[in-house]
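Undergrad: model this:
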Amino acid sequence: MNRANTKIPELTESAPVRWVLTFIAISFLILFLVLPLAVIFKEAFAQGINFYLNSISEPEALNAIKLSLITAGSSIILNLIFGVCAAWAITKFDFKGKNFILTILDLPLTTSPVISGMMFILLFGAHSLIGSFLNQFEIKIIFAIPGLILATTFVTMPYIVRELIPQMNEMGREEEEAAYSLGANGWQIFFKVTLPNIKWSLFYGLVLCNARAMGEFGAVSVVSGHIRGYTNTLPLHIEILYNEYNFSAAFAVATLLTVLALVTLILKTIITRKF
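TA: As a prediction, the model looks like this:
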């Protein structure tokens, strides 16, 4: 029997089954996506547009926005450098321990963010060996901006490198070896050959990294100390407002992160179509 000419029957479902499955899918989307978004914006504007604008423009909110941007921006830069270097090393070179490194890269995804924050306290806290040494030079990591950046960088570390590795593996080495044989140096090979091939994967990783960095709560909460106007990022500021029963202000600030999430989804869709 010639299997090449065998026609595989299409899988079809009856109309009632399709309707039930569609109803379940749409119901879940409405319940877990549309309704929460609607509630956030409803509560944010419950006391009027002036209250909303005042809530997102008060000094503590502006400081939280600024700190979130600093923390996310710094972690993105660090992860960009690390992600490109790590992906290049893993895909272009053969060395002992490569599989171990690939496994370690997923550690931030499998570790609770709270545990990640505790790890940095144990490493850089005032009573730790490193923390005591840094205190002699008045360098503070924990309960300061550097600690926020370290914690955020750790939890967002896999996003860029994990997007680059499959793309660089698929790309292979032929084009880069050809460029090298024609006299191109390492920087020329990267910017003229490698980067154009990985640019959309890189951008996709940056978008995911930024979204996670802006919304990170657990690890940042542990290392921040919740110092108002100094170490409170947007998620921490929202928590404080909510705990103080200032619900409308909390939801008003939360809309900023909600808009970021929606923009991230739009960018992901656009980038996916580019692949």
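Undergrad: right, and residue 43 touches residue 253 too?
TA: No. Using Cβ atoms under 8 Å, residue 43 is not in contact with residue 253; the gap is 11.3 Å. For the C-beta atoms, the positions are set from N, CA and C on the backbone; glycine is no exception.
Undergrad: okay, the two: which has more neighbours?
TA: Neighbour count, other Cβ atoms under 10 Å: between residue 43 and residue 253, residue 253 has more, with 27 against 17.
Undergrad: excluding its backbone neighbours, what's nearest that one?
TA: Closest residue to residue 253 in three dimensions, ignoring its sequence neighbours and counting by Cβ to Cβ, 6 or more residues apart in numbering: residue 238, at 5.2 Å.
Undergrad: count of neighbours near that neighbour?
TA: Number of residues near residue 238 (other Cβ under 10 Å) recorded here: 22.
Undergrad: average model confidence for the helix or strand harbouring residue 76?
TA: According to DSSP states H and E, residue 76 maps onto helix 59-92. When pLDDT is averaged along helix 59-92, the result is 93.
Undergrad: which elements pack onto that helix?
TA: Helix 59-92 sits against helix 98-104, helix 145-155, helix 157-171, helix 195-215, helix 234-243, helix 247-274, with contacts defined as 3 or more Cβ pairs under 8 Å, 6 or more residues apart in numbering; DSSP states H and E.
Undergrad: which parts of it are buried?
TA: 61, 63-65, 67-68, 71-72, 74-76, 78-80, 83-84, 86-88, 90-91 (16 or more other Cβ atoms under 10 Å).
Undergrad: pretty sure the residue nearest to residue 253 is touching residue 256, no?
TA: No. The pair residue 238 / residue 256 is not scored as a contact, 9.1 Å apart, by Cβ under 8 Å.
Undergrad: deepest-packed of the helices and strands packed on helix 59-92, please.
TA: helix 145-155 (a mean of 24; mean count of other Cβ atoms under 10 Å).
Undergrad: which strands and helices sit next to that one?
TA: helix 59-92, helix 113-124, helix 218-224.
Undergrad: switch those over to a markdown table; also include distance to residue 162.
TA: Formatted as a markdown table, those follow (distance: least, Cβ to Cβ, whole Å):
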| stretch | distance to residue 162 |
| --- | --- |
| helix 59-92 | 8 |
| helix 113-124 | 17 |
| helix 218-224 | 19 |
